[in-house]
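Undergrad: output the structure for:
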Amino acid sequence: MALLQVEDLKLHYKTLRGSVRAVEDVHFFVEKGETLGLVGESGCGKTSTVIAITRVLPKNTEVLEGRVLLMGEDISKLPDEAFRKEVRWKKISMVFQGAMNSLNPVIRVGDQVAEPILLHEKSTKSVARERVTELLEIMGLPKEFYRRYPHELSGGMKQRIVIAMALVLSPSLVVLDEPTSALDVSIQAQIMNLLKSLKQKLGISMIFITHDIALASDLSDKFAVMYAGNMVEAGTAEQVLRGALHPYTQLLLASTPRLREDIVPSYIPGAPPDLVAPPTGCRFHPRCPKAFDRCPLEVPSDFEAEPGHRVRCWLYGE
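TA: From the prediction side, this is the model:
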């Protein structure tokens, strides 16, 4: 049984221009102890996908459909209050993009990390403080950092605090939404090494969201590639990185600089579509170098090219 199984997920937002079809017919699964790399351009629906799973929904949500199974339980059917008490942060937690936005500038960081313990477990402050100091040491921070304020920390330290907040209740699944995007390269490497260490020591499952497929390859066991609200390819890291099938995935990989090959990175022509009025048929066909007559007419089916490797493209149809 998969730890997380997502089936036919759909999320639309209501705007003055019409309905934004941010996520359409998305399905994937994550096993225990596994990291799924959710990759694609900005605006492709990566964050909207995990917002739908964790139900941190904006007020203009118009459509939310699909099934989300966590350890076999359909959590998508839980009432909002039950989901908040039983699932959010205790079973699924999230590290949001931009650490500073997640930290209150006038509260000590240790108290912010301890807050879920006091709220969900009704522990005493001394017990919560002890658990938080142990967690800070696992994050590579001295226990004295408990009493510091956010403005006293560097960007990398703030990111470690936010990761500690996500882990404080020992959830089964942690969602990381571009956790290194605001950091410089050296600090980015430290955070990635920390995540790999946590994965090995604690055995937690992760969904790692990024537009940088090379960065995701450092941590991910599997990949799911999104474009314009659709999941266009999914498979193991080796299948996707060494044998990418969808033209969009191939172009993403071709845009990545290589260290040991004399290949000039290329770019993806055109721009992502307007999701208020997406293209007919395959949503990638206006930018696809391999598009043919069928592509603008019919939405491609989900084909299994080999066990565990799925692609949504008419090039691999019957």
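Undergrad: who are the neighbours in contact with residue 157?
TA: Neighbouring residues of residue 157 by C-beta atoms under 8 Å, 6 or more residues apart in numbering: 141, 145. No exception for glycine: its C-beta is placed from N, CA and C like everyone else's.
Undergrad: rerun that using 7 Å as the cut-off
TA: residue 141 (C-beta atoms under 7 Å, 6 or more residues apart in numbering).
Undergrad: chain neighbours aside, what residue packs nearest to residue 141?
TA: residue 160 (5.8 Å; C-beta to C-beta, 6 or more residues apart in numbering).
Undergrad: checking the one you found next. Helix, strand or coil?
TA: Using DSSP: H, G, I helix; E, B strand; the rest coil, the structure places residue 160 in helix.
Undergrad: quick one: it and residue 136 touch, right?
TA: No: Residue 160 is beyond contact range of residue 136, at 8.1 Å (criterion: C-beta atoms under 7 Å).
Undergrad: the two: which has the busier surroundings?
TA: In terms of neighbours (other C-beta atoms under 10 Å), residue 160 is the more surrounded of residue 160 and residue 136; the figures are 24 against 21.
Undergrad: count of neighbours near residue 151?
TA: A count of nearby residues for residue 151, using other C-beta under 10 Å, gives 10.
Undergrad: who's in contact with it?
TA: By C-beta under 7 Å, 6+ apart, the neighbours of residue 151 are residue 105.
Undergrad: wait, is it part of a helix?
TA: Yes: in this structure, residue 151 lies within a helix as judged by three-state DSSP.
Undergrad: distance check, it against residue 183.
TA: 17 Å (C-beta to C-beta, to the nearest Å).
Undergrad: then residue 36?
TA: 22 Å.
Undergrad: between these two, point out the one with more neighbours.
TA: Neighbours were counted for residue 36 and for residue 183 using other C-beta under 10 Å; residue 36 has more, 26 against 19.
Undergrad: which outside residues touch whatever helix or strand the more buried one lives in?
TA: If you go by DSSP states H and E, residue 36 is part of strand 35-39. Residues from elsewhere that reach strand 35-39 (C-beta under 7 Å, 6+ apart): 28, 30, 46, 49, 199, 206-211, 213, 216, 219-226.
Undergrad: quick one: strands adjacent to that strand?
TA: Strand pairing for strand 35-39, determined by DSSP bridges: strand 205-210 (parallel), strand 222-227 (parallel).
Undergrad: I'd say residue 267 and residue 252 touch.
TA: No: Residue 267 is beyond contact range of residue 252, at 10.6 Å (criterion: C-beta under 7 Å).
Undergrad: so between these two, which is more surrounded?
TA: residue 252 (23 against 8).
Undergrad: helix/strand/coil for that one?
TA: Going by three-state DSSP: residue 252 is helix.
Undergrad: how close does it get to residue 41?
TA: Taking C-beta to C-beta, one finds residue 252 at 8 Å from residue 41.
Undergrad: pretty sure residue 201 is in a helix, no?
TA: Yes: counting by three-state DSSP, residue 201 is part of a helix.
Undergrad: how about it: what's its closest non-neighbour residue?
TA: Closest to residue 201 by C-beta to C-beta, 6+ apart is residue 138, at 7.7 Å.
Undergrad: for residue 204, see how far away that neighbour is.
TA: For residue 138, the distance to residue 204 - C-beta to C-beta - is 12 Å.
Undergrad: same question for residue 253.
TA: The spacing between residue 253 and residue 204, counted by C-beta to C-beta, is 28 Å.
Undergrad: and for residue 143?
TA: Applying C-beta to C-beta, the value for residue 143 to residue 204 is 22 Å.
Undergrad: those two: which is more packed in?
TA: residue 204 (22 against 15).
Undergrad: report pLDDT for that one.
TA: According to the prediction, residue 204 has pLDDT 90.
Undergrad: likewise for residue 314?
TA: pLDDT at residue 314 comes out at 95.
Undergrad: so what does it look like in phi/psi?
TA: In terms of degrees, to the nearest 10, the main-chain angles of residue 314 are phi -70, psi -10.
Undergrad: now for the residue most central in space within the chain: which residues touch it?
TA: Nearest to the geometric centre of the chain sits residue 209, at 3.3 Å (C-alpha atoms, centre = their mean). Residue 209 makes contact with 38, 46-47, 50, 176-178, according to C-beta under 7 Å, 6+ apart.
Undergrad: residue 89 now?
TA: Listed by C-beta under 7 Å, 6+ apart, the contact partners of residue 89 are 116, 120, 169, 171.
Undergrad: where does the third one sit, in terms of helix or strand?
TA: Yep, that's residue 169 we're talking about. With DSSP H and E as the test, residue 169 turns up in no helix or strand.
Undergrad: please apply the same query to residue 164.
TA: Going by DSSP H and E, residue 164 is in helix 155-167.
Undergrad: what's the angle between that helix and strand 205-210?
TA: 140 degrees (axes from the mean of the first three to the mean of the last three C-alpha atoms, to 10 degrees).
Undergrad: dump helix 155-167 to CSV, restricted to CA.
TA: Taking C-alpha atoms only, helix 155-167 is exported to CSV below (Å, rounded to 0.1, in the frame of the first residue of the first chain):
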residue,chain,number,x,y,z
GLY,A,155,18.6,32.8,5.2
GLY,A,156,19.9,29.2,5.6
MET,A,157,19.2,29.2,9.3
LYS,A,158,15.7,30.5,8.8
GLN,A,159,15.1,27.7,6.3
ARG,A,160,16.3,25.1,8.8
ILE,A,161,13.9,26.5,11.4
VAL,A,162,11.0,26.2,8.9
ILE,A,163,12.0,22.6,8.2
ALA,A,164,12.1,22.0,11.9
MET,A,165,8.5,23.4,12.2
ALA,A,166,7.4,20.9,9.5
LEU,A,167,9.0,18.0,11.3
